[in-house]
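1. Predicted model follows, preceded by the sequence.
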Amino acid sequence: MKEPFHLGKPLADARGSESGRGEVGYFGKDPKLPAPVEKVTIPVGGMTCGACVAHVRKTLLKTPGVSDAAVNLMTREAAVTFDPGAVSS
């Protein structure tokens, strides 16, 4: 049985790479494979209610490259999952 291709490195098993970082799943620009994603937590000021949370989340999700956003009123933070190749700074 052939081992799956992984950027020139053999895989330890189907759950992750030999490094243990779970790099399985992204092998390049093939549109059938998932895009690489990063997750960051950013501070959000000025929110005072649930409507503010909904507005911030909706705005983040409209940003090209953003795949998920979770906004927390109590901590005044947003956890954003995005494709770094599709989002500009």
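-> Alright, I've got the coordinates.

2. got the residue ranges for the strands in this protein?
-> Using DSSP state E, the strands found in the chain span residues 11-13, 16-17, 38-43, 66-72, 77-82.

3. tell me the most buried of those strands?
-> A comparison of the strands of the chain by mean neighbour count, using mean count of other C-beta atoms under 10 Å, puts strand 77-82 on top with a mean of 18. For glycine as for every other residue, the C-beta is placed from the backbone atoms N, C-alpha and C.

4. what's the angle from it to strand 66-72?
-> Counting by axes from the mean of the first three to the mean of the last three C-alpha atoms, to 10 degrees, strand 77-82 lies at 170 degrees to strand 66-72.

5. about what we covered before: for residue 49, which of the strands of the chain is the nearest?
-> With C-beta to C-beta as the measure, strand 66-72 is the member of those nearest residue 49 (11.8 Å).

6. and the strands of the chain as TSV, adding mean pLDDT and distance to residue 55?
-> Shown next, in TSV, are the strands of the chain (pLDDT from 0 to 100; distance: least, C-beta to C-beta, whole Å):
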stretch	mean pLDDT	distance to residue 55
strand 11-13	42	43
strand 16-17	42	38
strand 38-43	95	15
strand 66-72	95	9
strand 77-82	95	12
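
7. I'd like these as TSV, with distance to residue 49 appended.
-> Converted to TSV, those look like this (distance: least, C-beta to C-beta, whole Å):
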stretch	distance to residue 49
strand 11-13	47
strand 16-17	41
strand 38-43	18
strand 66-72	12
strand 77-82	15
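
8. Of all those strands, which one comes closest to residue 50?
-> Using C-beta to C-beta, the strands of the chain put strand 66-72 closest to residue 50, at 9.9 Å.

9. List of residues touching that closest one?
-> With C-beta atoms under 8 Å, 6 or more residues apart in numbering as the test, strand 66-72 has contacts from 37, 44, 47, 53, 56-57, 60-61, 77-83, 87.

10. Kindly report the same for stretch 47-60.
-> The contact list for stretch 47-60, computed with C-beta under 8 Å, 6+ apart, reads 44, 46, 66, 69, 70, 71, 72, 73, 76, 78, 80.

11. how about low-confidence regions in this structure?
-> Per-residue confidence for the chain (pLDDT under 70) gives these ranges: 1-35, 89.

12. Fine by me, we can end here.
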